[in-house]
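Colleague: What shape does this take:
(3 chains)
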Amino acid sequence: MNVLLTHVDYIAAVAIFLVGLYILLVKQNLLKKILGLNIMETAVFAFIVTAGMTDNGVPPLLGPDAVGPFASPLPHALVLTGIVVAVSITALALALIVRVKRECGSVELNELGKVE
Amino acid sequence: MSAAAHGLALVVLVPIVGGALIPALFRRFPTAAWGFALASSALTLAISISLIRRLLAEGPFSYAAGGWPPPYGVALHFDRFGAAIAVFSMITLLVLIFSRRYIPAVVPIARIPLYYALVMINLGGMNGFLVTGDLFNLFVFMEVFSVSAYALVAMARGPQAGLAAIKYLLLGAVSSLLVLFAIGLIFAQTGTLNMADAAGRLDAAASIVPTALALGALTIGFMVKAALFPLHVWLPDAHASAPAPVSALLSAVVVKAGVIGIIRTLQTFSDHGSLQLMPLQSLLIWLGAIAVLWGAVAALVQSDLKRLLAYSTVTNIGYIFIGLGIGSATAASGAAVHIINHAVIKAALFLAAGALIHQSGLRHIDDLRGLGERMPLSALALGVALLAVAGVPPTAGFVGKWQIGLGALETGRPLLMGVVIVGGLLVLTYGVRIINTLFFRPPLHVRVVTSREAPPSMLAAILLLAASSFLLGLAGKPMLDFVAPAILPLTDTG
Amino acid sequence: MRKFLALVLIAALGAVLIAAVVNLPEPGTTDSPVHTHVSAGYIKGGHEAGGADNLVTAVLLNYRAIDTFGEVTVIFTALIAVLAATSLAGPTERSGTQNIDLKTTRVPVSPVVSFVVRLMAPFIATFALFVMLKGHELPGGGFQGGVVLGAMLILLALFSGRTDKTDDEELPPGLRNWIRAAGPLVFGALGLTGLVFSGWLFSLPDHPFWREMVMIGLELGIGIGGAAVLVGLFRALREG
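Modeller: Purely as a prediction, here's the structure:
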């Protein structure tokens, strides 16, 4: 039980991940699928940031009077990159959904299956 | 530090900067973007050849991007799998030559520079993916080529293309996310992102469970990118509805990234003392075997030529994974050679099919009857490539499949040899059917009679690729010898 | 049925994931490999090695510059992708939805909102520039500044009273295409200048002053290019 408490931050990230996955699997609306994907992405970012966290730590800003313990700078850089990638994917997905809506008349996957 | 090592960063930098320049440079002269893209891909090809020359002289080498020694900076690493960048650059070059006359016919003129920009960025992402020795860098370049691949599929007209692209994007994005999650797990355990460093430090990790999960997530993530059964569902739609040069690029090059990703994963984890890779490899063998049969049977019942070729990719990815899963020196080198040979053959197939479909305006196989008389060279190229993809000796498709089958026999798996042969026969069945339709049946459709042979730029690319898919079969032995040192780390696990 | 299967899958997957994450080193402790290995090297190297007080910026622009090059490429590619992938067909005519002409049926913008947005815009832009220019010392950086600047431009586009395509004319199209490509292009330039000055592609100059100047240049390229891409995405989606 103790281990669940000390690792609660990771478990929270896992919970968010599963919520996103459920939306992605169950919802037929393409827009909702993209929302589910975004929730999953957020969970992975939270997971990576948690890995670099330090208890009572300070941001890794080295000034003349900065004292540690510092949080690890590497995960922050990774997540910043990851966020930009996620934005790019989302933008392209939204553009494609607009196109599917225009050309096929629906954004519901189960309806789109009948159209074809 | 010889000049060749800088090439490791340049094979990424040149195509991507070239691609980024295209929309700005060629806004006013869209059709001129072709020459610029061709020049940058030729430069990339030249750099990758200089890298291979150094590889042959000195063996695998690394480059510290930014001068930071690993694990602090990003290390780029060049080995014999990375040498595939030369083949991929060559195929991109030929696809660009083919695009010269094809793309203006299917893409509005203002979007032509965007097409060339996406192809170049795709090449840069592929090259980065193949030469990086850093886990997160691998993810970044995977996204570079993935985003451009989704967009390239969507460049085709019509409702099918948009729908295929969004399906491809959804599955691709989830697979990328799994890879990122696995990278996070490895980083949380080792504190490093350098592949070699992480491989060494994973042994010291307190528990094996997160390592096993990371291995699983990486495998599933790359399986989607490689379109291995049962995660191939996005491939037939995407590859059938994309413009022909894009289909060639995706089927020949982009799916191979997933295969290389699995190879990198196996390499990273094969040093791990307590983690057994055997169950994973057995799984890859069986999924590969199902993929071979499933793809072949599904291709048999297709009436759409491009869709049939898309299912043929599913089959061939299955072959490669059987070889990798068996993991013996014979089978793994066969799989490695088949990565290259299938790339050449599939590019020939999709470009030749694209020329036939484009010139006649028909895409159903039965409508194409008698087209061999009107477009003899394109049809001949398609025929040669179909025989090659079926694995008829002495074509290029034979070498890899033969080695994989031999490897199955050597390791006491005669059933797999049966799968390899039955798969080849099924592919041969539809190959002969198409050849028969093209050459020996009277024309049915009026548009066949009025079709003319493809323009020289298209023909040049098609004929060169078709000739290679025949000649590479004769060069089977040197190719197997070339990959032999690279597959050693894989065979240790098997 | 679909929901039930999904729940079963998620329960199984959840058990596996939790079993894995509880076996990771405890988050927050400073003796885990995350803190003792590469990150410790970054903190120990400090300002002198990384060239920036903000270590996240040092990682992004210096230690792992090639990652950031890939990152700016991805977002530039997304814009190219959106421009290339939008529909060529007009809106489909479907029963039940009438075509709404945006120009004639726009809800008028409240003068208060419009005034406040215009009043705020220069301050937001100044803040964005500050975040970009000081990103190597304080929290912030090119991407963050670019997002602020892009949000300001999108806000202006929303409330400036123009919804037709003419607002593309704010910048000459030739110049606009160059600005959108600024991110990959400044990194490409960094790659090549690094080779000239310190012998490695993607390396920063050794001299502290020039190193700081190059970092500021990169931040500006990322920020302004990123903002241009975001505005481009917004417009492409709106018109798409």
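Colleague: Show me where the chain has its helices.
Modeller: Reading this off chain A. Using DSSP state H, the helices of chain A run over A:2-6, A:8-26, A:30-51, A:73-104, A:109-115.
Colleague: was after chain C, sorry
Modeller: C:2-21, C:33-36, C:38-50, C:55-58, C:65-85, C:111-133, C:142-159, C:173-180, C:182-198, C:208-239.
Colleague: between the ones you listed, which gets nearest to residue B:141?
Modeller: Across those, residue B:141 has its closest neighbour in helix C:65-85 (5.6 Å, CB to CB). Placement of C-beta: from N, CA and C, glycine included.
Colleague: Deepest-packed of the helices of chain A, please.
Modeller: Burial of the helices of chain A is given as mean neighbour count (mean count of other CB atoms under 10 Å in any protein chain shown); helix A:73-104 ranks first at a mean of 24.
Colleague: quick one: that one near chain C?
Modeller: Yes - looking at helix A:73-104 against chain C by CB under 8 Å from any CB of the partner chain, the contacts come from A:73-77, A:80-81, A:84-85, A:87-89, A:91-92, A:94-96, A:98-99, A:102-104.
Colleague: Residues of the stretch 201-350 of chain B that sit close to chain C?
Modeller: Proximity of the stretch 201-350 of chain B to chain C, by CB under 8 Å from any CB, involves residues B:201, B:205-207, B:209-210, B:212-213.
Colleague: For the buried ones among those residues, write the corresponding ChimeraX selection.
Modeller: Here is the ChimeraX command that picks out the buried ones among those, judged by 16 or more other CB atoms under 10 Å in any protein chain shown:
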select /B:201,205,209,210,212,213
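Colleague: ok, so of the residues of the stretch 201-350 of chain B next to chain C, who is nearest residue C:51?
Modeller: Using CB to CB, those come closest to residue C:51 at residue B:201, 27.3 Å.
Colleague: Of all residues in the stretch 351-494 of chain B, which one is closest to chain A?
Modeller: Relative to chain A, the nearest point of the stretch 351-494 of chain B is residue B:363 (16.0 Å; CB to the nearest CB).
Colleague: In contact with that residue, which residues?
Modeller: B:304-306, B:357 (CB atoms under 8 Å, 6 or more residues apart in numbering or on different chains).
Colleague: Let's see if you can find the most crowded of those.
Modeller: Using other CB atoms under 10 Å in any protein chain shown as the neighbour criterion, residue B:305 leads the contacts of residue B:363 with 25 neighbours.
Colleague: Averaged over its residues, which helix or strand of chain C has the lowest pLDDT?
Modeller: Least confident helix or strand of chain C, by mean pLDDT, DSSP states H and E, is helix C:38-50 with a mean of 81.
Colleague: Mind listing residues that contact it?
Modeller: The contact list for helix C:38-50 (CB under 8 Å, 6+ apart) reads A:52, A:60, A:62, A:68, A:70, A:72-74, B:71-72, B:191-193, C:53, C:55, C:58-59, C:62-63.
Colleague: 7 Å - rerun?
Modeller: A:60, A:62, A:70, A:72-74, B:71-72, B:191-192, C:53, C:55, C:58-59, C:62-63 (CB atoms under 7 Å, 6 or more residues apart in numbering or on different chains).
Colleague: Buried ones from those, can you make that a PyMOL selection?
Modeller: To isolate the buried ones among these in PyMOL, judged by 16+ other CB under 10 Å, type:
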select buried, (chain A and resi 60+62+70+72+73+74) or (chain B and resi 71+72+191+192) or (chain C and resi 53+55+58+59+62+63)
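Colleague: from the contacts of helix C:38-50, which two are the most distant?
Modeller: The two members of those with the most space between them (CB to CB) are B:192 and C:53, at 24.0 Å.
Colleague: who's in contact with residue 26?
Modeller: You didn't pick a chain, so chain A it is. If a contact means CB under 7 Å, 6+ apart, then residue A:26 has C:2-3, C:6 as its contacts.
Colleague: wrong chain, I was asking about chain C
Modeller: With CB under 7 Å, 6+ apart, residue C:26 has these contacts: A:6-7, C:32.
Colleague: For these, could you give me a markdown table that also reports distance to residue C:133?
Modeller: Shown next, in a markdown table, are those (distance: CB to CB, whole Å):
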| residue | distance to residue C:133 |
| --- | --- |
| A:6 | 41 |
| A:7 | 40 |
| C:32 | 35 |
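Colleague: Which one of the helices of chain C has the poorest average confidence?
Modeller: Lowest mean pLDDT within these: helix C:38-50, at a mean of 81.
Colleague: Which positions in that helix come out as buried?
Modeller: Within helix C:38-50, the residues that count as buried by 16+ other CB under 10 Å are C:38-43, C:45, C:47, C:50.
Colleague: Fine by me, we can end here.
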